[in-house]
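1. Got a predicted structure here, sequence first:
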Amino acid sequence: MSAGAAELLAQRDRTLVMGVVNVTPDSFSDGGEWFEPVAALGHGREVFEAGADIVDVGGESTRPGAERPSVEEELRRVAPVVSDLVEHGAVVSIDTMRAEVARVAVELGAAIVNDVSGGLADPEMVPWVAEAGVPYIAMHWRGHSTHMQSRAIYTDVVGEVLYELGVRRDELLAAGLDAERLVLDPGLGFAKNAEHNWALMAALPELHDLGQPILLGASRKAFLGRLGRAEHDSPRPAPERDLETTATSVMAAMAGLWCVRVHDVASTVRALAVVETAVRHLPDEDAAQ
């Protein structure tokens, strides 16, 4: 594990910012704006220079209904961006469900594997991560994008997500992953509708019950775009949801979560600096006694 990744995983004094770099033609958030190689490289550097603690590079869209690219195509998309960002000093996470893509990215210098399937999409992922000792982010997942929304059925979404993530955590640890290198993600928008997402947002402090660092990925998701809109209206376009995203990031920071994954890094960094500064000015409980 790289020194940079180890330091970030141990960070508890503030909420970190993970910046998103989608190298896909069909991302929900940017519609493929950064798909071409030159654009992707430039955008990756912009995200890093804006203050992202981690830059998350992904070559497969996980929007509802998205079709999967081949392994070769996914690697073609992400490999140059990972290499370039590592060369520029960024701590890079590779956003992939495939062990082969994760392996190549780590060989190129990626320090963290961010797997939205939590190792369920590729049976080779967990054994490889355990052997490699790579920090691993596992998300709550009920299936691939093509059919995940049909599985958005819950009686108690908070309780069920906590239970299912807890089961997956135990399975990952039993498979040899180091608890100090495991991060969990509640998976907002993945097999969840707007009401499910809001229930999880209202219960952020309860995610600490899982006993692992928590990553929150609310950025630009449709449930934020529907705020203030009539039921029959379409949600605001994804790039117009950054203000609402920043509010969710502040909520995450106030709840003490480890990291937020966002598209607009600069505004998030500034907003979380407010939270961090305010928290530093809280009365010292030990001094008050």
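-> Received, thanks. Residues are numbered from 1 along each chain as shown.

2. so where's the chain uncertain?
-> 26-35, 285-289 (pLDDT under 70).

3. could you redo the last one with a cut-off of 50?
-> 28-29, 31-32, 286-289 (pLDDT under 50).

4. Helices of that one, start to end?
-> 3-9, 37-49, 71-87, 99-107, 125-132, 157-174, 194-202, 222-225, 242-254, 265-280, 285-288 (DSSP state H).

5. Nearest approach to W141 belongs to which of these?
-> In terms of CB to CB, the element of the helices of the chain nearest to W141 is helix 157-174, at 8.3 Å. Backbone N, C-alpha and C define where each C-beta goes, glycine included.

6. What are the buried residues along the closest one?
-> Along helix 157-174, these residues count as buried under the neighbour rule (16 or more other CB atoms under 10 Å): 157-158, 161-162, 164-165, 168-169, 172.

7. can I get those in JSON lines with distance to E107?
-> Shown next, in JSON lines, are the buried residues of helix 157-174 (distance: CB to CB, whole Å):
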{"residue": "V157", "distance to E107": "38"}
{"residue": "V158", "distance to E107": "39"}
{"residue": "V161", "distance to E107": "33"}
{"residue": "L162", "distance to E107": "35"}
{"residue": "E164", "distance to E107": "32"}
{"residue": "L165", "distance to E107": "29"}
{"residue": "R168", "distance to E107": "26"}
{"residue": "R169", "distance to E107": "27"}
{"residue": "L172", "distance to E107": "22"}
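
8. now, among the residues you listed, which is nearest to L85?
-> Nearest to L85, judged by CB to CB, of the buried residues of helix 157-174 is L172 at 26.5 Å.

9. Pretty sure that closest one sits against M125.
-> No: using CB atoms under 8 Å, L172 makes no contact with M125, being 10.2 Å away.

10. Mutual contacts of those two, please.
-> G119 (CB atoms under 8 Å, 6 or more residues apart in numbering).

11. Could the C-alpha coordinates of stretch 256-264 be exported in CSV?
-> Extracted in CSV, the C-alpha atoms of stretch 256-264 (Å, rounded to 0.1, in the frame of the first residue of the first chain):
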residue,chain,number,x,y,z
GLY,A,256,-18.0,12.3,10.3
LEU,A,257,-17.9,10.2,7.1
TRP,A,258,-14.5,9.4,5.7
CYS,A,259,-14.9,10.7,2.1
VAL,A,260,-17.3,12.1,-0.4
ARG,A,261,-17.1,11.3,-4.2
VAL,A,262,-18.0,14.4,-6.3
HIS,A,263,-17.8,15.8,-9.7
ASP,A,264,-17.3,19.5,-8.8
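
12. how about that stretch: buried residues?
-> Going by neighbour count (16+ other CB under 10 Å), the buried part of stretch 256-264 is 257-264.

13. ditto for stretch 129-138
-> Applying 16+ other CB under 10 Å to stretch 129-138 flags 129-130, 132, 134-138 as buried.

14. just stretch 81-88 next, same as before
-> Those would be 81-86, for stretch 81-88 by 16+ other CB under 10 Å.
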